[in-house]
Structure formats: C-alpha cells, structure tokens
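[1] Sequence unavailable; structure follows:
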C-alpha cells in the first residue's frame, strides 16, 4: 500500500475520555504509514483535550451528539459538512449507528470498523468480539489497522500537555500553599457507574494513611458529575485535603496529575491519563464480565497495579448488582495501601 493511498483520513472515536486516549497509538501508526496525508480526528466535546495538541494530527473535529448534532437533521448537516472535506478513508474505532451512517452519508469511499450497529454500512470490517474481553481495548483498536495492511506499531499512549494548563495548575497549587518539591498524591473516587465505585470511607482511610506515612499532600480530583462523591471523601479526611473536584478541565487535570507521585482511582478515564503520563497508578476494579474486566480496560503503563477480586458471581449484573457490589467491598484498605507502597515514586 502506497503512502499516497489516502490524502485525507478521518478517525472517529465518540465515546469517553479513556477510550479516546487508548486510541492514540492508532494516530501515531497512521502518521508513520501515511506521512503526507491530512489526518483528522472526530471526538465528542468532553474528549477534545485528549487529542488537542497531538503531534500526529492535522485537525480536530467535534461531534456534539447532545448539542448541535442531537437531532436527526443536525447529524445529517454534520455529515454534509464532512462530505465537503472530501475524506478518502474513515476509521470508526467505536461502533455506533450514528457514526456508521454519518460516514456513509459523508461519501467517504473507504470506511472501516467493527461489524456491529449498522456495520453493513462499512466497506471493510472486523468481527466484533470486544465483549469477550480476550485482550485489551487498545489491542482491539489496533486490530483495525490490519485492514490497511499496517502491523502493530507500538502501544504507547499520548496525552498532550499544554502550556496554558501548566500555568493554571501552577497558580492552583500556589493558592493552596503547595511548596516546590512537595509530594502530591491524587485520589479520584468517582466513576461513570456505581459498579465501579469503591466506598468513600475507604478512599479517605487510604488518603489519611498515605498523607502521614509519606508526608504527602492529598488532592481529591473529580469531574463535574462526580463532585458529590469527592465531597463525601473530603468530609471524611482527617488530613487537610486539597479539593480539585470539578475545578479543572481535562487538560488542566493532566497537568495536575503529572505533578503527582501517585494516582489512586476507580476504573475511569483519568486513570488512563495518569498511566499515559507515567505516573504510578493503583486502579480499583469491580465487575466480573469479561468485556468490562481489567484485562480489557486496565491502565496501560509501567508502575501500574490493578486490584480486582472474583467473588463467585456466575453472571455479573454490573450496576444492577444484587450483592451490594461484593467485588469492590472485597478489596481492603490494607490491600490498596500495600499496592500504593509498591508503586509510589520517591
């Protein structure tokens, strides 16, 4: 396949922050194999900071499913705007009905992805086996490249760090009297689903123990939807925690995490940001479904420990759990502390 085969390439990934970040090795591989092509990426608004500033991209396109493109007409207009850009190739990394028919209506000649959710609209497709959880989401995503004859080009994630966000975080830390060189530990107690949430009081116990043992400052981080969760942890702290919940953009959060010696979190998008930046991670996972397990969704990187327990469930009901999330409760404070001691820097 010639490096001139596709002049304009569109990469679509319209799910969450962590999912987009796990797709960044695809962008690097495309740039390496198509050095003269114009590469654009299409994401939802809240994931823009994950790719804004990525050196392998030429263009960022925002698809606002719950805003401007919420209606059928809005999505059709969006497809028409893509048509005007005259893309030669589309990679739909996360299969959705909308992305399949939008790329079809956009007149993109070659459309590749997974054979699920109107997959018949794709020109080239792989069988969808992600729910089996036989390998990592990153690897499933890289499999798409095989349809272009591209072999595995590496699995290193890339999270951009922006100078404006660096300055904002310097001001934030200064406001909270954080001294230069002072050890920081970030705790992220929120998640997108109750089946991912370790108890608030246990996060607080871990934070207090590490603050004392490592002489560290504790920072509680959370997105806008998880502020209540973070406030519950802050209420239970005996140490003086720094509240960063709902106070940062994704880019600013990356700059804050980058300064930390340790990141402790539920299964969430920020845990992938930390791993991508090389920050030591302790990730707490619940659920026993193969497609939702750490094998598929665990953070990728060095100095990463994932805690996950099997508690004898024959079928995992996820957020409809009838066992009060026994898999999460099976993970003790001492186990998290032991993991933290095993990966913490300095």
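    Looks like it came in fine. Just so it is clear, the structure is predicted and the values come from calculations on it, not from any experiment.
[2] Going by C-alpha atoms from here, please, whenever you check contacts or count neighbours.
    Fine.
[3] residues in contact with stretch 38-47?
    7-17, 20, 31, 56-65, 250 (CA atoms under 8 Å, 6 or more residues apart in numbering).
[4] quick one: it to chain centroid distance?
    Between the mean C-alpha point of stretch 38-47 and the mean C-alpha point of its chain there is a distance of 14 Å (CA atoms, centre = their mean, to the nearest Å).
[5] If we go by neighbour counts, what in that stretch is buried?
    38, 39, 40, 41, 42, 43, 44, 45, 47 (16 or more other CA atoms under 10 Å).
[6] Among the contacts of stretch 38-47, which are located in helices?
    Using DSSP state H, the subset of the contacts of stretch 38-47 located in helices is 17, 20, 31, 250.
[7] which phi and psi does the closest residue to the second one other than its chain neighbours have?
    What that stands for is residue 20. Spatial nearest neighbour of residue 20, excluding adjacent residues (CA to CA, 6 or more residues apart in numbering): residue 13 at 6.1 Å. Recorded main-chain torsions at residue 13 are phi -150, psi 100, according to degrees, to the nearest 10.
[8] Isn't residue 13 up against residue 98?
    No - using CA atoms under 8 Å, residue 13 is not in contact with residue 98; the gap is 11.6 Å.
[9] Can you list the residue ranges for helices in the stretch 51-200 of the chain?
    Chain-ordered helices for the stretch 51-200 of the chain, with DSSP state H, counting those that start in this stretch as the definition, fall at 72-85, 97-105, 137-143, 163-175, 200-213.
[10] What angle do helix 72-85 and the second one make with each other?
    Using axes from the mean of the first three to the mean of the last three CA atoms, to 10 degrees, the inter-axis angle of helix 97-105 relative to helix 72-85 is 40 degrees.
[11] who's in contact with helix 97-105?
    Residues from elsewhere that reach helix 97-105, judged by CA under 8 Å, 6+ apart: 12, 75-76, 78-80, 82-83, 90, 92, 111, 117-119, 121-122.
[12] And the shortest one, by the same measure?
    Helix 137-143 is contacted by residues 22, 23, 25, 26, 93, 130, 152, 155, 296, 297 when judged by CA under 8 Å, 6+ apart.
[13] Could you do stretch 153-164 as well?
    21-25, 29, 49-54, 138, 251, 254-255, 273, 276-277.
[14] Can you give me the end-to-end span of it?
    Terminal residues of stretch 153-164 lie 31 Å apart, using CA to CA, to the nearest Å.
[15] for that stretch, what is the average pLDDT?
    For stretch 153-164, the mean pLDDT works out to 93.
[16] Same check on stretch 209-219?
    Stretch 209-219 carries an average pLDDT of 96.
[17] Can you pull the poorly scored residue ranges out of the protein?
    Of all residues in the chain, those with pLDDT under 70 make up the ranges 1-4, 311-325, 345-346.
[18] switch to 50 and redo it
    Across the chain, the ranges flagged by pLDDT under 50 are 322.
[19] Run through the strands of the stretch 51-200 of the chain in chain order.
    59-62, 89-92, 110-114, 124-126, 184-188 (DSSP state E, counting those that start in this stretch).
[20] helices or strands up against the fourth one?
    Yep, that's strand 124-126 we're talking about. Helices and strands touching strand 124-126, by 3 or more CA pairs under 8 Å, 6 or more residues apart in numbering; DSSP states H and E, are strand 110-114.
[21] quick one: contacts of the strand it packs on?
    By CA under 8 Å, 6+ apart, the list of residues contacting strand 110-114 from outside reads 88-95, 103-104, 119, 122-128, 144, 147.
[22] Now do it against helix 97-105, angle only.
    160 degrees.
[23] Tell me how many other residues surround residue 225.
    The burial metric for residue 225, expressed as a neighbour count using other CA atoms under 10 Å, is 12.
[24] So it: helix, strand or coil?
    When the structure is split into helix, strand and coil by DSSP: H, G, I helix; E, B strand; the rest coil, residue 225 lands in helix.
[25] That one and residue 191: what is the separation?
    Distance from residue 225 to residue 191, counting by CA to CA: 9 Å.
[26] got it, and residue 99?
    Applying CA to CA, one obtains 25 Å for the distance of residue 99 from residue 191.
[27] Take the buried residues of stretch 38-47 and write them to CSV, including secondary structure and distance to residue 214.
    Conversion of the buried residues of stretch 38-47 to CSV gives the following (DSSP: H, G, I helix; E, B strand; the rest coil; distance: CA to CA, whole Å):
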residue, secondary structure, distance to residue 214
38, strand, 48
39, strand, 45
40, strand, 44
41, strand, 41
42, strand, 42
43, strand, 39
44, coil, 39
45, helix, 38
47, helix, 33
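[28] pretty sure residue 305 is touching residue 339, no?
    Yes - when contacts are counted by CA under 8 Å, residue 305 is listed as touching residue 339 (6.5 Å).
[29] any common contacting residues for these two?
    Each of residue 282 lies in contact with both residue 305 and residue 339 under the rule CA under 8 Å, 6+ apart.
[30] okay, residue 13 and residue 98: which has more neighbours?
    Neighbour comparison, residue 13 and residue 98: the larger count goes to residue 13, with 24 against 17 (by other CA under 10 Å).
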